[in-house]
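Chemist: give me a 3D structure for the following:
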Amino acid sequence: MSENDFDFLHGRWRVANRKIADIPGRGTDWVEFGSEAEARPVLGGGANVDTIRAAGWEGFTLRQYDPADGVWRIWWASSRAPGRLDPPLEGRFDGGHGVFFGDDVVGGHEVRLRFDWTAGEEPVWQQAFSYDGGETWETNWVMRFTRV
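Modeler: Here you go, the predicted structure:
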């Protein structure tokens, strides 16, 4: 693990998204849609930012490596929640797989979040929610990246 863990993500991407509703009991149908993303290093390479754009919304991610703690922190904001920067998730990579955890409130429900990153030529990101403190997880968003 190092400040170079997310270097695989730098550049422009086409993203295949598969997503379900974030709030339990409000649907289990998966929706598929395309988006475009671009990631670049900032702060001398110890951080990176990306933007992702799809029909009707835009998102922004800041990822910053903390060398003292040996962890990455990830913040997310989107046009669907104007003025809000979500609480950070924190974690690290082991080989080509990164796991990051955080807490938030979604739809009025306290939720534990997990991001899973699989690095490589065609990276995959998955988001899962836990409503029982991490005992069980529901994957609700999968993004598959193809370099432009």
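Chemist: make it CA atoms for all contacts and neighbour counts henceforth
Modeler: Noted.
Chemist: does the residue nearest the centre of the chain count as helix, strand or coil?
Modeler: Most central in the chain under C-alpha atoms, centre = their mean is Phe115, positioned 5.6 Å from the mean C-alpha point. Three-state call for Phe115 (DSSP: H, G, I helix; E, B strand; the rest coil): strand.
Chemist: any idea what it is bridged to?
Modeler: Phe100, Gln127 (DSSP bridges).
Chemist: you'd agree it is up against Ala128?
Modeler: Yes - using C-alpha atoms under 8 Å, Phe115 is in contact with Ala128, at 6.6 Å.
Chemist: circling back to that earlier point, and the residue nearest to the centre of the chain, how far from Thr136?
Modeler: Remark: distance between Phe115 and Thr136 (C-alpha to C-alpha, to the nearest Å) = 14 Å.
Chemist: can you check the pLDDT for the residue nearest to the centre of the chain?
Modeler: Each residue has a pLDDT score; the one for Phe115 is 98.
Chemist: can you pull the contacts of it?
Modeler: Contact analysis of Phe115 by C-alpha atoms under 8 Å, 6 or more residues apart in numbering lists 89, 98-101, 125-128.
Chemist: show the buried residues in these.
Modeler: 89, 98-101, 125-128 (16 or more other C-alpha atoms under 10 Å).
Chemist: can you get me a residue count around the residue lying closest to Leu9 once chain neighbours are set aside?
Modeler: Among residues not flanking Leu9 along the chain, Ala39 sits closest, at 6.2 Å (C-alpha to C-alpha, 6 or more residues apart in numbering). Neighbour count for Ala39, taken as other C-alpha atoms under 10 Å: 21.
Chemist: pretty sure Ala39 belongs to a strand, no?
Modeler: Yes - using three-state DSSP, the assignment for Ala39 is a strand.
Chemist: so what's it bridging to?
Modeler: On the basis of DSSP bridges, Ala39 is bridged to Gly11, Asp50.
Chemist: go ahead and confirm it touches Gly45.
Modeler: No - at 11.8 Å, Ala39 and Gly45 do not qualify as touching, with contact defined as C-alpha under 8 Å.
Chemist: residue ranges with poor pLDDT in the chain?
Modeler: 1, 21-27 (pLDDT under 70).
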